[in-house]
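In: Structure, please.
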Amino acid sequence: MVNPYAAGAAGRCPSCGEGRLFEGFLRIAPVCEACGFDLKTADTGDGPAVFVILIGGFLVAFGAVFTEIAFSPPIWLQLLVWLPLTAIVCGALLRPFKGLLVAAQFTNNAREAGRDGR
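Out: Residues are numbered from 1 along each chain as shown. Below you'll find the predicted structure:
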């Protein structure tokens, strides 16, 4: 049995764990290439971005404030270090979180309102 959350975080189909979940960087594939599972109904909306902003923002803001208090570097150095780090951290977290939310939809059999005919 495949753990859908581990498969989703790794960018694999939450149903079989074999096929690719993503077509591009963040675009969900329409169907799993391995098992044929329909992934078109998966819609995470802005959920992954919210989690990434909260987690990545906390990590980077804590680091920036700690650095400011401990070392008092010039502002240009703070910006030179922390702005690119923010983009890197958020970019690295976005895809796994989107995969996790797709896996959560699969596990809970969630569908977008109005698509199932009710």
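
In: Apart from its chain neighbours, what residue comes closest to the most centrally placed residue in the chain?
Out: In the chain, the residue lying closest to the centroid (C-alpha atoms, centre = their mean) is residue 97, at 2.4 Å. Computed as C-beta to C-beta, 6 or more residues apart in numbering, the closest residue to residue 97 that is not its neighbour in sequence is residue 48, at 4.1 Å. C-beta here means a position set from N, CA and C on the backbone, and glycine is covered the same way.

In: mind listing what the one you found touches?
Out: By C-beta atoms under 8 Å, 6 or more residues apart in numbering, the contact set of residue 48 is 94, 97-98, 100-101.

In: still on that earlier bit, which residues touch the residue nearest to the centre of the chain?
Out: Residue 97 sits next to 47-48, 51-52 when contact means C-beta under 8 Å, 6+ apart.

In: if we go to 7 Å?
Out: 48, 51-52 (C-beta atoms under 7 Å, 6 or more residues apart in numbering).

In: from those, which is closest to residue 109?
Out: The closest of these to residue 109 turns out to be residue 48 (C-beta to C-beta; 19.7 Å).

In: Pull out the buried positions in the helix or strand harbouring the closest one.
Out: Using DSSP states H and E, residue 48 sits within helix 47-71. For helix 47-71, burial by neighbour count (16 or more other C-beta atoms under 10 Å) applies to 47-49, 51-52, 56, 60, 64.

In: Mind putting the contacts of residue 48 into CSV with pLDDT?
Out: Formatted as CSV, the contacts of residue 48 follow (pLDDT from 0 to 100):
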residue, pLDDT
94, 97
97, 97
98, 97
100, 97
101, 96
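
In: what mean pLDDT does stretch 61-77 have?
Out: Throughout stretch 61-77, pLDDT has a mean value of 97.
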